[in-house]
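Asker: Next one to model:
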Amino acid sequence: MIAGLLLAMGGCASQPAQKSQEAVLAEVASLMSRQGQASGQPPSLLVTRINSHGLLADRVTIAAGGGQDRMNVRELFAQAAASGDARVVIFGANPALDQAIVAGALSEQRFPGVWLLFVGEPEQSRQMQASAEAAGLRYWFISRYQ
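Answerer: A predicted model of the protein is given here:
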């Protein structure tokens, strides 16, 4: 019993440390300032977070192709496209939910010139990049881990 508890606790301790939201936003700001130097002024940022609502609720949202969250994220991309210089920053929740929402938001859409800066699990990068590029987005991945 004690050995099982220690093993479980050891597994929790071996998870990599996550970056704080402030650290991620500092990384985004650094990237944006480099891009702003090239264009003369820094672009604006539209930031959102995909929230997990628990296993069952997430599965229902995934089954619904992202549900209302998908439409909210699509509207964010439309706002970025209309502004001409905005970047969309999305903080992911869990890989399957993120993919359902972002891929659903971008499905059959074109947002050329818009940047997606996605903050999530390293394993998600290629899937998110494929969804972004299919919609004409430029893509940048930021790991949530230190």
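Asker: alpha carbons only for contacts and neighbour counts from here, please
Answerer: Noted.
Asker: can you give me the strands in this structure?
Answerer: Listed in chain order, the strands of the chain (DSSP state E) span residues 45-49, 87-91, 115-120, 138-143.
Asker: Between these, which one is closest to residue 16.
Answerer: The closest of the strands of the chain to residue 16 is strand 138-143. By CA to CA, the value is 11.1 Å.
Asker: and the closest one, how far out from the chain's middle?
Answerer: 8 Å (CA atoms, centre = their mean, to the nearest Å).
Asker: got the buried residues for stretch 73-85?
Answerer: 73-74, 76-77, 79-81 (16 or more other CA atoms under 10 Å).
Asker: Name the spans of this structure whose pLDDT lies under the cut-off.
Answerer: For the chain, the stretches flagged by pLDDT under 70 are 1-15, 35-40.
Asker: The lengthiest helix in it vs strand 45-49, what angle?
Answerer: Scanning the chain for the longest helix, with DSSP state H as the assignment, gives helix 21-39. Interaxial angle of helix 21-39 relative to strand 45-49 (axes from the mean of the first three to the mean of the last three CA atoms, to 10 degrees): 150 degrees.
Asker: Can I get helix 21-39 in PDB, CA atoms only?
Answerer: Taking Å, rounded to 0.1, in the frame of the first residue of the first chain, the C-alpha atoms of helix 21-39 are listed here in PDB:
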ATOM      1  CA  GLN A  21       1.000  32.600 -17.800                       C
ATOM      2  CA  GLU A  22       3.200  35.600 -17.200                       C
ATOM      3  CA  ALA A  23       6.300  33.700 -18.500                       C
ATOM      4  CA  VAL A  24       4.400  32.600 -21.600                       C
ATOM      5  CA  LEU A  25       3.100  36.200 -22.200                       C
ATOM      6  CA  ALA A  26       6.700  37.500 -21.800                       C
ATOM      7  CA  GLU A  27       7.800  35.000 -24.400                       C
ATOM      8  CA  VAL A  28       5.000  36.100 -26.700                       C
ATOM      9  CA  ALA A  29       5.900  39.800 -26.100                       C
ATOM     10  CA  SER A  30       9.500  39.100 -27.000                       C
ATOM     11  CA  LEU A  31       8.500  37.400 -30.200                       C
ATOM     12  CA  MET A  32       6.100  40.300 -31.000                       C
ATOM     13  CA  SER A  33       8.700  42.900 -30.400                       C
ATOM     14  CA  ARG A  34      11.100  41.200 -32.800                       C
ATOM     15  CA  GLN A  35       8.300  41.200 -35.400                       C
ATOM     16  CA  GLY A  36       7.400  44.700 -34.600                       C
ATOM     17  CA  GLN A  37      10.900  45.900 -35.200                       C
ATOM     18  CA  ALA A  38      10.700  44.500 -38.700                       C
ATOM     19  CA  SER A  39       7.400  46.200 -39.400                       C
END
